[in-house]
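S.K.: okay, sequence plus prediction incoming.
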Amino acid sequence: IIEDQGLSEATLHLAMTYFDILLAKDQMAKSRLQLVALACVLVAAKYTEPEIFIPTLDMLNECCQGAYRTPDIVAMEMHVLKALGWYMGRPTTLTFVNHYFQHQIYDQRHETPSPDR
């Protein structure tokens, strides 16, 4: 879905984080996992993407061959939001990697040469 819709890597990582959190809190039937993933992508896209790039429900459902009704997607989106406690700004692995590399670059630029150099 991320690739089909041209969504960012940040959206992918955030959706995966949401998915992990939701599955840690709720037992989900295998038959609902695709719907959960779809809703996680939708919530993540709404949080990270510019408004013009947020896929519509129809666009997302098309990636799933029309497997879901719009009310089912909206209901699962609400379930995801409630499971997250409406806290969508979660750190992801990408957050830590970016933070680490920013500090590495800063440290290299501001490194004081040692006397034996």
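M.R.: Thanks, I have it.
S.K.: C-alpha from now on. contacts and neighbour counts both.
M.R.: Will do.
S.K.: quick check: which ranges of this protein have low pLDDT?
M.R.: 3, 90-117 (pLDDT under 70).
S.K.: any idea how far residue 29 lies from residue 22?
M.R.: In this view, residue 29 and residue 22 are 13 Å apart by Cα to Cα, to the nearest Å.
S.K.: when the two are compared, which one has more neighbours?
M.R.: More neighbours surround residue 22 than the other of residue 29 and residue 22, with 21 against 7 (other Cα atoms under 10 Å).
S.K.: tell me which element the more buried one falls in.
M.R.: Under the criterion of DSSP states H and E, residue 22 resides in helix 9-25.
S.K.: repeat for residue 88
M.R.: Per DSSP H and E, there is no helix or strand for residue 88.
S.K.: tally of neighbours for it?
M.R.: 18.
S.K.: list the contacts for it?
M.R.: 44, 47, 81 (Cα atoms under 8 Å, 6 or more residues apart in numbering).
S.K.: show me those residues that map onto helices.
M.R.: Among the contacts of residue 88, the ones falling in helices (DSSP state H) are 44, 47, 81.
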